[in-house]
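Asker: 3D, please:
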Amino acid sequence: MELAVQKREKFGKATNALRRSGLIPAELYGRGVANVHLAIPAKELRKVLKQSGENTMVNVVIDGKTHPVMIHELAHDPVTDEVTNVDLYQVRLDEKIKVRVPVEFIGESQAIKEKNGLLVKAMQELEIEALPTNIPRSVSADISKIVDIGQSVYVKDLVMADGVKAIVDGESVVATVTAKMTEEQEAALSAEVKPEDVKVETEEKKEVRDAAKAAAETPAAGAPAAEKK
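Answerer: The predicted structure follows:
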């Protein structure tokens, strides 16, 4: 996939005007590569993200030369969540890189459907190593393998494409199905901490603090009283 870009010559406060015109400031960098200031049409970026996600390789063309890059980081506006800045990392096609890809949970667990279990996701992302052209958009965790309460899906259970390797240990838990709490258990948990207990504890701490303060202000036996001036 190709991402349309153009060189950028405006910086500082001028980048706000750039954003208003529908362009997003971007930086291209990489090992042994000089930094290049770019601008990306917001519509083009949204299209690429929708089709390929953040973790797959894309090509950018600068001055007629194609650069294979990864979308390394996206900065978002805290209010609108719109992308405000993009970091692009130029990669080598013959060199493996490490990236984090989303874990997609697929299938239906009988432990959830028939035994009222609760799916606990231990991983939302998985760190992998692969050549840039082999990086998947996501990895799938099939929870249909979980048929009973207490069973789990592990990293070793994930199906990896050829040339893709998980960085974490194969015994690492991806997801587990646990038993839901009963109404009695929830009530017992709520009853463990009562408002009056918190109040008593606070009052006891206050009494200890006041006693310590009074002792500190009272001269020890045989000690000279503070001289008044």
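Asker: residue ranges of the helices in this structure, please?
Answerer: 14-20, 42-52, 110-113, 183-192, 195-217 (DSSP state H).
Asker: tell me, which of those helices is the model least confident about?
Answerer: The minimum mean pLDDT among the helices of the chain belongs to helix 195-217 (a mean of 54).
Asker: quick check: longest strand of the chain.
Answerer: strand 65-76 (DSSP state E).
Asker: what about residue 69, how many neighbours?
Answerer: Counted with other Cβ atoms under 10 Å, the neighbours of residue 69 add up to 23. Yep, even glycine has a C-beta here, placed from its N, CA and C like the rest.
Asker: now residue 110: how far from residue 116?
Answerer: Distance, residue 110 to residue 116, by Cβ to Cβ, to the nearest Å: 11 Å.
Asker: Which of the two has more residues huddled nearby?
Answerer: residue 110 (15 against 10).
Asker: got a list of what the more buried one touches?
Answerer: 144, 146-148 (Cβ atoms under 8 Å, 6 or more residues apart in numbering).
Asker: now these in JSON lines, with distance to residue 177, pLDDT and neighbour count?
Answerer: As requested, those are arranged in JSON lines below (distance: Cβ to Cβ, whole Å; pLDDT from 0 to 100; neighbours: other Cβ atoms under 10 Å):
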{"residue": "144", "distance to residue 177": "11", "pLDDT": "96", "neighbour count": "13"}
{"residue": "146", "distance to residue 177": "5", "pLDDT": "96", "neighbour count": "24"}
{"residue": "147", "distance to residue 177": "9", "pLDDT": "95", "neighbour count": "14"}
{"residue": "148", "distance to residue 177": "8", "pLDDT": "96", "neighbour count": "12"}
